[in-house]
Structures are given as C-alpha cells and as structure tokens.
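Engineer: Give me coordinates for this.
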Amino acid sequence: MKPSQSIEEKSVLPIHLDERDLAILRILQQNARATVKEIADQINLSTTPVHERIKRLESQGVIKQYATLLQPAKVQKGLMVICYVSLKQHNKSAGAKFIKSILEMPEVIECYNISGEFDFMLKVVAEHMDDYYHFHVNKLSEAENIGHLQSVFVMGVIKETHVLV
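Structural biologist: Residues are numbered from 1 along each chain as shown. Take a look at the predicted model:
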C-alpha cells in the first residue's frame, strides 16, 4: 500500500482471499444465519479459525453487513421502477444536494451514479401506481436541480442476486 493513499482508497483496495475465505463467503451469501459450526463443518475446519476468518473479513470490510431479503409484494412494495435522472448543473455542490435528497427518500432503495445520457439510476419501490405517482410528483420531481427524469417500470424480475463470489 502506498503511503500517499487516503483511508477511503485503502478501504476499496482488493483483499487477498484464499479458497477457505471464498468458501466462507459463498456460504454466508446463501445463508447469513449459518452458524460458525455449520460453516466449519462444511469447509472442514474447526470453529475457532472460521470465527477468526469471519471477524477478519468483517474488519477488512469484505463483509459489509448481514441482511434479510424480503419479498417486495408481501410487504406492499410490489411495483418496482427504474428511474434515470439527469441534473441541470453538474458541479460538486449541486450533485451533493441531489444525493442528500435521495438519501432521505425511503422509496429509493438503490442509487447509482452512472455515465452516459443520465447521471443517476434509481431503483424505486412502491405499493402501486398511485403510490409511485405521488412519489414522482411530490418528492422526486421536487428535488433540486432535476433536469430530466425517465421512469421504466419493471414487468418482471429475471435474475436478482447478491452473490459476488
């Protein structure tokens, strides 16, 4: 690691993962509730080194968090919309204000800064079309510095995964 690198840069550098680390990560991606003993049994290692490896993976930021994935329709969020947003102004301050407003909108469950015709891609969930219309008109369109907004309605999900390794 270069001494001139910032803390942020250090945190995104790849970490060396051996086959046992990768096996642990595969198991946890499929079932974050797997116990250390269950993982140890599956990878033929005792519990103490498995526990230490998991703690190391957490402290190094390889494991960001543990989550429970919900079925959107079962929690009244059956409408998914991809929103493409371009800003009027592209200076640092204007972008930061837009990002701050997006972070305060619970309907937006993912936000990506993208290249191309649009500046951001948002994944938005709503109960139904009227709910999304209210969000679009009263929240998203009211955000400062919106230049152009395009909504694409998800008709069906073909593949959705969080598995990386």
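Engineer: average pLDDT for stretch 58-77?
Structural biologist: Confidence over stretch 58-77 (mean pLDDT, whole number) is 95.
Engineer: wait, I meant stretch 125-144
Structural biologist: For stretch 125-144, the per-residue pLDDT values average out at 96.
Engineer: Flag every buried residue along it.
Structural biologist: Buried residues in stretch 125-144, counted by 16 or more other Cβ atoms under 10 Å: 125-127, 131-132, 135-136, 139-140, 143. (Each C-beta comes from the backbone N, C-alpha and C, glycine too.)
Engineer: Phi and psi next, for the residue nearest to the spatial centre of the chain.
Structural biologist: In the chain, the C-alpha nearest the mean C-alpha coordinate belongs to Glu110, at 5.9 Å (Cα atoms, centre = their mean). Listed backbone geometry of Glu110 is phi -150, psi 140, with angles given as degrees, to the nearest 10.
Engineer: Look up how far Leu28 lies from the residue of the chain most remote from its centre.
Structural biologist: Largest separation from the mean C-alpha position in the chain: Ser46, at 32.2 Å (Cα atoms, centre = their mean). Distance of Ser46 to Leu28, computed by Cβ to Cβ, to the nearest Å: 18 Å.
Engineer: before we move on, back to that, turn the buried residues of stretch 125-144 into a markdown table, including secondary structure.
Structural biologist: What follows is these, written out as a markdown table (DSSP: H, G, I helix; E, B strand; the rest coil):
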| residue | secondary structure |
| --- | --- |
| Val125 | strand |
| Ala126 | strand |
| Glu127 | coil |
| Asp131 | helix |
| Tyr132 | helix |
| Phe135 | helix |
| His136 | helix |
| Lys139 | helix |
| Leu140 | helix |
| Ala143 | coil |
